[in-house]
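J.: Would you be able to build a 3D model of this:
(one chain, ligands or ions: 2)
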Amino acid sequence: MFQYQCLNPISKVGLDGFTNDYTKTEEIEKADAILVRSASMHEMKLPENIQAIARAGAGVNNIPLQDCAEQGIVVFNTPGANANGVKEMVIAGMLLASRDIVGGVEWVKQEKDNENVGKLAEKQKKQFAGCEIKGKKLGVIGLGAIGAMVANTAIYLGMEVYGYDPYISVDTAWKLSREIKHIANVEDIFKECDYITLHVPLLDSTKGMISKDSIAMMKDGVVLLNFSRDLLVDETALIDALETGKVKKYVTDFANPTVAGAKNTLVTPHLGASTAESEDNCACMAVKELRDYLENGNIHNSVNYPNCDMGICGVAGRIAINHKNVVNMISQFATVLGGAGMNISDMTNKSKGDYAYTLIDLETPATQEIIDKLDEIEGVLKVRIIK
Ligand SMILES: NC(=O)C1=CN([C@@H]2O[C@H](COP(=O)(O)OP(=O)(O)OC[C@H]3O[C@@H](n4cnc5c(N)ncnc54)[C@H](O)[C@@H]3O)[C@@H](O)[C@H]2O)C=CC1
Ligand SMILES: O=C(O)C(=O)COP(=O)(O)O
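T.: Residues are numbered from 1 along each chain as shown. Ligands and ions are numbered 1, 2, ... in the order given. A predicted model of the protein is given here:
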């Protein structure tokens, strides 16, 4: 039996993926796993019983990844599961920034009691006129799940698309339209593009990537779209650029006091992934990842531990060991198991950065005594009997 806690509301369609062996708990001390969306976990103390955390979404900046790894807690996310939801918002954002649709709708509302609203509209509409996105240059910074979809869609909409991502995955590169211009220096995006959209994760290396200096390089009247994270942009510098008209519009999905009432901003309350489809996709993927980890010890889509798969656990015994990526660990595991007369039938060891993971199949069921001995080895962070 397993228990899970939800720190945010998680789609029922996803939670229905848990079998009768799972129950929901409100008590973190009883939970084996946590499901979360954007709730910040940085101030939380995670008890030893937590085995895994699944972020039903892409961004993991709300989770202390390193601390979790150190505690042997595997953190998952759900790559691509909400990408289409965000892509559609970005396209909507470009259109809203190009034509004053919001202003026009507000104007009609104000004139709701005016019998001549139709006639008046024909006179007034010029104040809401704008431009088309077809033929304009769009710069996409970050060509992952979302950026690639935005870039391809913009090509279909007749835009000239510039793409920048020095760490692009081979999988994503295969999916990109050949019409997208590969940009090797991000400054070329700043200098050339009419619209610039950000699709990178918030990391130390990306924080503030849109700075006063990068804004200075941009074309006059550029539109900046930020559906990634607010801290990617020096928003104080941006407000100045919006005041002067250097930046025509800032479309952001992250409401905060700096941008909420600022001139020429279109701010949405973090709605990118808030569609029924994205919420279901993310929850289904998150539940699947948790189940495979808890029931079989397999890791797919972890952001702090390596991927590892030994299939469904149909053997007599299986042990999962989360440990530091240092020398001599496997021989110590083998010594403990051999000393207890336990024969290893299969094993996998994988590493990611400073952390590693070992799955060991045994010809006899694992015992608590063995687990305690393995736990004593220096560098071992967590040991679990899968079977
Ligand atoms: N507004 C919303 O509701 C949502 C926001 N997001 C945000 O969007 C971000 C991206 O999401 P996905 O596309 O699903 O992630 P992803 O992991 O598929 O793509 C991120 C891409 O950024 C690239 N990258 C990393 N550092 C870079 C740099 N310095 N310059 C250029 N490219 C760089 C990576 O190589 C990767 O291809 C998330 O990390 C999250 O912060 C994601 C989903 C929903
Ligand atoms: O997946 C992401 O990174 C998001 O920003 C979506 O956040 P949410 O699940 O809507 O709270």
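
J.: mind listing the strands for the stretch 101-250 of the chain?
T.: Using DSSP state E, counting those that start in this stretch, the strands of the stretch 101-250 of the chain run over residues 137-141, 160-164, 181-182, 195-198, 222-226, 247-252.

J.: Close to ligand 2: what parts of this protein are there?
T.: 37, 38, 57, 58, 59, 82, 270, 272, 273, 274 (C-beta under 6 Å from any ligand atom). Quick note: C-beta positions are derived from backbone N, CA and C, even for glycine.

J.: which ones are touching the residue nearest to the fourth one when sequence neighbours are not counted?
T.: Using C-beta to C-beta, 6 or more residues apart in numbering and skipping residues adjacent in sequence, the residue nearest residue 58 is residue 77, 5.9 Å away. For residue 77, the residues meeting the contact criterion (C-beta atoms under 8 Å, 6 or more residues apart in numbering) are 54, 55, 57, 58, 59, 60, 301, 303.

J.: try 7 Å this time
T.: Residues counted as contacts of residue 77 (C-beta atoms under 7 Å, 6 or more residues apart in numbering) are 55, 57, 58, 60, 301, 303.

J.: If any of these are buried, give me the ChimeraX selection for them.
T.: In ChimeraX, this line selects whichever of the contacts of residue 77 come out buried by 16 or more other C-beta atoms under 10 Å:
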select :55,57,58,60,301,303
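
J.: Show me which of the contacts of residue 77 is closest to residue 23.
T.: residue 55 (21.3 Å; C-beta to C-beta).

J.: Find the residue closest to that closest one in space, skipping its chain neighbours.
T.: Among residues not flanking residue 55 along the chain, residue 77 sits closest, at 4.4 Å (C-beta to C-beta, 6+ apart).

J.: related to what we said a few turns ago, looking at the residues of the chain next to ligand 2, which is nearest residue 195?
T.: residue 272 (16.9 Å).

J.: tell me the SS of the closest one?
T.: Assigned by DSSP: H, G, I helix; E, B strand; the rest coil, the conformation of residue 272 is coil.

J.: Identify the nearest residue to it in space, disregarding sequence-adjacent positions?
T.: In space, and not counting its chain neighbours, residue 272 is closest to residue 86: 4.0 Å by C-beta to C-beta, 6+ apart.

J.: where's the one you found relative to residue 80, distance?
T.: From residue 86 across to residue 80, the span is 10 Å (C-beta to C-beta, to the nearest Å).

J.: of these two, who's got more company?
T.: residue 86 (26 against 19; other C-beta atoms under 10 Å).

J.: What residues sit buried inside the helix or strand where the residue nearest to residue 272 lies?
T.: Taking DSSP states H and E as the criterion, residue 86 maps to helix 83-98. Neighbour counts over helix 83-98 (16+ other C-beta under 10 Å) mark 83-91, 93-94, 96-98 as buried.

J.: show me what contacts the closest residue to residue 172 other than its chain neighbours?
T.: Ranked by C-beta to C-beta, 6+ apart and with sequence neighbours excluded, the top spatial neighbour of residue 172 is residue 148, at 4.9 Å. By C-beta under 7 Å, 6+ apart, the residues touching residue 148 are 172, 175, 176.

J.: Of the residues you listed - the most surrounded one?
T.: Within the contacts of residue 148, residue 176 tops the neighbour count with 21 neighbours, counted by other C-beta under 10 Å.

J.: Low-confidence ranges, the stretch 201-350 of the chain, go.
T.: For the stretch 201-350 of the chain, no stretch has pLDDT under 70.

J.: Next up, phi/psi of residue 26, please.
T.: The phi/psi pair for residue 26 (degrees, to the nearest 10) reads phi -100, psi -10.

J.: Does stretch 296-304 reach ligand 1?
T.: No. In terms of C-beta under 6 Å from any ligand atom, no part of stretch 296-304 sits within range of ligand 1; the closest distance is 9.4 Å.

J.: Just the terminal-to-terminal distance for that stretch.
T.: 18 Å (C-alpha to C-alpha, to the nearest Å).

J.: Over to stretch 298-314?
T.: 13 Å.

J.: List of residues touching that stretch?
T.: 60, 65, 68-69, 74-79, 289, 292-293, 295-297, 322, 346, 348, 350-352, 355-357, 359, 361, 386-387.

J.: Ok, stretch 2-14 next?
T.: Identification of contacts with stretch 2-14 by C-beta under 7 Å, 6+ apart yields 21-26, 28, 30-39, 56, 279-280, 283-284, 286-287, 290, 294.

J.: try it again with 8 Å
T.: 15, 18, 21-28, 30-39, 41, 56, 276, 279-280, 282-287, 290, 294.

J.: what's the offset of stretch 84-95 from the middle of its chain?
T.: 16 Å (C-alpha atoms, centre = their mean, to the nearest Å).

J.: And the residue of the stretch 101-250 of the chain that's closest to ligand 2?
T.: residue 229 (7.6 Å; C-beta to the nearest ligand atom).

J.: and the stretch 201-350 of the chain, which residues reach ligand 1?
T.: Neighbours of ligand 1 within the stretch 201-350 of the chain, by C-beta under 6 Å from any ligand atom: 201, 202, 205, 206, 227, 228, 229, 253, 270, 272, 273.
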